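> Build me a model:
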Amino acid sequence: MTHGATRRTVLATGAGALAAGCVGCGGNNSGGSGSGTSSSGSGSRELASTGDIPEGGGKVFADQKVVVTQPKKGEFKAFSAICTHQGCTVNQVVDGKIDCPCHGSQFEIADGSVARGPAAKPLPAKDITVDGKSIRLA
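Numbers count the residues shown, from 1 in each chain. Coordinates of the predicted model:
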């Protein structure tokens, strides 16, 4: 009976150590600044250069769940890339509209308002800063 208790103790201790090790590994992989982005000392993440965002269009940053648009020359806006209809990620900006591929919702690049349903709510605005040619997620 003592031998069985020792075996259980060893198995339980080993399983606990393995679980603790896995938790530690997961934290290291998810704590970065996002793929393809760089961090500045101020804590904001650089998304793109102003030249990467076409005038009258935009670009979706799926990893950061944000879409950045340039409705007018030199005016940059950012919105959540998560569609307000059923939570799909928008996939492109075409002809002045932000498109959701799941059910066809479209949003205006100037203010995130609904251009075509079924979405009923606008895309929430996101804070960005433009410093020179760098667009950063605040």
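> State the distance from the closest residue to D127 other than its chain neighbours to N91.
Nearest residue to D127 in three dimensions, chain neighbours excluded: A138, at 3.7 Å (CB to CB, 6 or more residues apart in numbering). Placement of C-beta: from N, CA and C, glycine included. Separation of A138 from N91 (CB to CB, to the nearest Å): 24 Å.
> out of those two, which sits in the more crowded spot?
Using other CB atoms under 10 Å, the more surrounded residue of A138 and N91 is N91, with 16 against 11.
> Is that one in contact with I98, as I believe?
No - the criterion here is CB atoms under 8 Å, and N91 misses it with I98 at 9.1 Å.
> Please parse the protein into its domains.
1-31, 38-137 (automatic domain parsing).
> and among the ones you listed, the most buried is which?
Of all the domains of the chain, domain 38-137 carries the top mean neighbour count, a mean of 17, counting by mean count of other CB atoms under 10 Å.
> Mean confidence (pLDDT) on it, please.
The predicted model assigns domain 38-137 a mean pLDDT of 91.
> where along the protein do the helices fall?
2-30 (DSSP state H).
> can you give me the strands in it?
Under the criterion DSSP state E, the chain contains strands at 38-39, 45-49, 57-61, 66-72, 75-80, 92-94, 97-99, 106-108, 114-116, 128-131, 134-137.
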